[in-house]
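1. sequence plus predicted model, see below.
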Amino acid sequence: MLAPAQRVKGTVLSRSRLRSILRRLSEVSLAVFRLVLIIGISYIILFPILTKLSSSFMARKDLVDQTVKWIPKNFTLDNYRLAVQTLRFPTVFKNSAFLSLLVSILQLCSSTLVGYGLARFDFRGKGLVFGAAIFTLVVPPQMIMVPLYLNWRFFDLYGLIPGKGIRLLGTYWPFVLTSITGTGLRNGLFILVMRQFFRGMPKNLEEAAYVDGASPLMAFFRVMLPGATSAAVVVFLFAFVWQWNDSFLTTLYLDSNFLPVALGNLTRTLARELEMNHPQYFSLIVNAGSLLMITPVLVVYGLLQRYFVESIERTGLVG
Amino acid sequence: MNALRRRVRGLTPALKRRTRRLTFPLKRRSRGLTLAQQKAMTGYLFSAPFILGFIFFFLAPFLQAIAFSLNNLVIVAGGYELVYNGWENFRYALFVDAEFVRVFVETLVKMVVEVPSIIFFSFFSALLLNQRFRGRLLARIIFFLPVVMTSGVILTMETGDYMSQLLEQTNTSAASVLVGPLLYSFLMQLKMPREILVYVITVVEHIPEVIRASGIQILIFLAGLQSIPTALYEASRVEGASAWQTFWMITMPMMSPIVLANVVYSIIDSFLSPANALVMYIRDTAFAGAGFGIGTAMGVMYFAAVTIVLAIVVWIVSRWVFYQE
C-alpha cells in the first residue's frame, strides 16, 4: 500500500534534484564562459603594458640575448633612474599634476552647470546652445589652432579690453578661461554627458523639491547634484586623463616642462645627454618613463573606481 | 510587460500636472515673472558660461580659420598678412595633392567599420562588468586601462616600441595561422552576402584596435546601467518577466540615450584621434608641406565631412531614443 506513494515521492525528489543540478550546471558554464571571455580581452589590453613592464627592467645585455623574451635575466632599475633623471621627473610631474587638476575641476564645474541648464530648462535658443556644444566637438582642434594662438598672444577679447592686448601665452590663463567656459579640450563631450545624464534622471525628484519650496538653484545643488555623482566622477576622470596625456595644447600655450611633452622628447634628450644613439636601448628607458607617466593616472582611477561603483547605491536616489 | 511600461510612463505626467498646479500660483506671486519665464532665465543663467566661451574662444577663431583657408598666409616681419586667393587652396587639396583624397576616403571607411563594432563590444562588456562575480573589480580596472592609454604620446609611441614590435610580430603570425583559414572557411560555408562577409572579416581583423578604443564607451555604458532605478527591475520581476524581456523592455529603453551619446562620442573619437591618418596628414601639410592656407582648407573640408556624417547618424539614432519624461 505504501510502495506507490513512496515511489512517487522518490521521483519528485529526484526530478527537483535534477532541476537544481541543471541550474547549477548552467550557472557554472556561464561563469566559465565569462571567465574565458574576460581573460582573453584582458590579455589583448594588457599585452602592450606587459611588454613595457618587462622591458623596463631589462639591462642592455638582455636586448641582444635571444633567450630573453619576457623575463629579464639581468634585472635592473637603471632604466628608471635614467628616466627620472633625464625627464627631470619631480618638476615635470608637479607641473602636470597641478595643471591637470586645475583643468579637470574647472571643466567639471562648467559642464555640470551647462549640462543641467540644457537638460531641464526651456529657453529660447536652447537647441542652438546644444548644437554649439556638439559643434565644438566636431571641429578639429588643428583647424582653429593658429587663430587661437594669435588670440592668446594679443589677448583683448576682440577689442573689448582696451590697450594693446595682454600676452597670456606661457601662463595658465588660456586653460583656465577655456575650461571655465566649457570650451576646453573635449569639453563639449562633458556637457553632452552631463545633459544626457540629467535628462535620464526622474523629474519627480526636482518637482518634489519645488513643491517643498526650493528654488531651481537649490533644487540643483541639494537634489540633482548629489544624484549626479557617478556622472561627475566619470567626467572628472576623463578631463584629468586627457589633460594629463595632452601634449598638443600644452606645447602650443605653455612650454615643454610637462610630462607628455618631456616623454615625447625623451629619445632626443637621451641622445644629447648620453652622446650616443642606440634606439633599442633608449626604448627601454622610454618604456620606464611611460610607466612612470601611466602610474599616477592608474592610482587616480583606482581611487575613483571604488567611489564610482558605490556612488549610486549610497545616494539613495535609486529605489 | 506593456502594462508595466504604460504604468511607468503614465506615472510622470500625472505627477507633473499635480506639482504644476501646486507651484504655479506661488511662484507668480513671489516675482513678476511667470514660471515659464523664470525657468527660461534660470536656463540662461546655467548655460551663460558656455555661451560666452563659445562666442569668444570658439566661434571667433573658427570664422578666422575659414578666412585663413580662403587666403594665402604670408609671414611678414612682426606678424602675418593675408593674400586673398579664393578657392585656390581647396582646388589644390582636391586635385593637385596626390594623397589627400585617398587618405580622406580611407579614414571615412575605417570609421564606418569601427564605430558599430565599438558600440556593440562596449555595450556587451558593460553588461558583463555589471554582473556580480568574483574578481569584478580587477576586470573593470583592466577593461578601463585603455582610457589611460588611448590618447596622446603613449599611443604614438606604441608603434615605435622595439620590444612590442618584436613580440607582436610572432604573435600575429601565430594568430593568423590558427584563426585565419578556419574563420574564412567557416564564413564561406554560411553562404552569406559578400558585403557582410567582408565586413565580418574586417571587424575580426580589427579586434585588438576595437577593444583598445572602447574603454571610455564601456565606462559611459556602465555608468548608465548603474543609473537605472532598481525599482523598475523589481517591478518587472513581480510581473513575471523573463531576463530576456527585462533586457528589451527596461534595460534597452533606459540605455537608449546613453547609446546615442556613445555613438556620437565614438564617431568624434575616431575622427579626431591623434593617431588618425588624416589628422596627421593635415598637420604635416600645414606645418611641413604645402602651407597653412592649404592645411586649413583641408581642415575645413574634413570638418564638413564630420558634420554631415554626425547629422545623419544622430538623426537616425535619436528617433529610437526613449526619454523618461
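-> That came in fine, so what should we check first? These figures come from a predicted structure and were not determined experimentally.
2. residue 196 is in what secondary structure piece?
-> I'll assume chain A. Per DSSP states H and E: A:Gln196 is located in helix A:187-200.
3. sorry, I should have been clearer: chain B.
-> helix B:194-205.
4. what's that helix packed up against?
-> Contacts defined by 3 or more CB pairs under 8 Å, 6 or more residues apart in numbering or on different chains; DSSP states H and E place helix B:194-205 against helix B:100-130, helix B:162-189. From N, CA and C alone the C-beta is placed, and that goes for glycine too.
5. re the thing from before, mind saving the C-alpha coords of the helix holding A:Gln196 as PDB?
-> Output in PDB follows, covering the C-alpha atoms of helix A:187-200 (Å, rounded to 0.1, in the frame of the first residue of the first chain):
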ATOM      1  CA  ASN A 187      34.600  69.900 -23.000                       C
ATOM      2  CA  GLY A 188      31.600  69.700 -25.300                       C
ATOM      3  CA  LEU A 189      31.600  65.900 -24.700                       C
ATOM      4  CA  PHE A 190      31.400  66.500 -21.000                       C
ATOM      5  CA  ILE A 191      28.500  68.900 -21.400                       C
ATOM      6  CA  LEU A 192      26.800  66.200 -23.600                       C
ATOM      7  CA  VAL A 193      27.400  63.500 -21.000                       C
ATOM      8  CA  MET A 194      26.000  65.600 -18.100                       C
ATOM      9  CA  ARG A 195      23.000  66.700 -20.200                       C
ATOM     10  CA  GLN A 196      22.200  63.100 -21.100                       C
ATOM     11  CA  PHE A 197      22.600  62.100 -17.500                       C
ATOM     12  CA  PHE A 198      20.300  64.800 -16.100                       C
ATOM     13  CA  ARG A 199      17.700  64.100 -18.800                       C
ATOM     14  CA  GLY A 200      17.700  60.500 -17.800                       C
END
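6. any idea how far it is from the chain center?
-> 16 Å (CA atoms, centre = their mean, to the nearest Å).
7. tell me where the stretch 1-150 of chain A has helices.
-> Here the stretch 1-150 of chain A has its helices, by DSSP state H, counting those that start in this stretch, at A:3-56, A:60-64, A:78-87, A:89-120, A:126-138, A:145-153.
8. helices or strands up against the second one?
-> By that I understand helix A:60-64. Identification of packing neighbours for helix A:60-64 by 3+ CB pairs under 8 Å, 6+ apart yields helix A:279-315.
9. could you check the angle the helix it packs on makes with helix A:3-56?
-> Note on geometry: by axes from the mean of the first three to the mean of the last three CA atoms, to 10 degrees, helix A:279-315 and helix A:3-56 are set 140 degrees apart in direction.
10. angle of helix A:279-315 against helix A:78-87?
-> Interaxial angle of helix A:279-315 relative to helix A:78-87 (the same axes, to 10 degrees): 90 degrees.
11. gap between helix A:279-315 and the chain center?
-> Worked out by CA atoms, centre = their mean, helix A:279-315 lies 9 Å from the chain centre.
12. tell me which residues in it are buried?
-> Of all the residues in helix A:279-315, those buried under the rule 16 or more other CB atoms under 10 Å in any protein chain shown are A:281-294, A:296-298, A:300-301, A:304-305, A:308-309, A:311-312.
13. returning to what we had before: export the helices of the stretch 1-150 of chain A to a markdown table and tack on distance to B:Phe62, mean neighbour count and mean pLDDT?
-> A markdown table is the format used below for those (distance: least, CB to CB, whole Å; neighbours: other CB atoms under 10 Å in any protein chain shown; pLDDT from 0 to 100):
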| stretch | distance to B:Phe62 | mean neighbour count | mean pLDDT |
| --- | --- | --- | --- |
| helix A:3-56 | 36 | 13 | 79 |
| helix A:60-64 | 49 | 14 | 75 |
| helix A:78-87 | 36 | 18 | 86 |
| helix A:89-120 | 19 | 21 | 92 |
| helix A:126-138 | 8 | 18 | 86 |
| helix A:145-153 | 8 | 19 | 77 |
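14. what's the closest of those to B:Val147?
-> The closest of the helices of the stretch 1-150 of chain A to B:Val147 is helix A:3-56. By CB to CB, the value is 10.6 Å.
15. show me the domain layout of the chain.
-> Since no chain was named, I'll use chain A. For chain A, automatic domain parsing gives the domain ranges A:3-56, A:88-264.
16. wait, chain B
-> Residue ranges of the domains in chain B are recorded as B:20-65, B:92-318, according to automatic domain parsing.
17. turn the ones you listed into CSV, columns for mean pLDDT.
-> Converted to CSV, these look like this (pLDDT from 0 to 100):
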stretch, mean pLDDT
domain B:20-65, 76
domain B:92-318, 76
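18. of those, give the one that comes closest to A:Tyr80.
-> domain B:92-318 (16.0 Å).
19. just the endpoints, please. Distance across that closest one?
-> End-to-end distance for domain B:92-318: 38 Å, by CA to CA, to the nearest Å.
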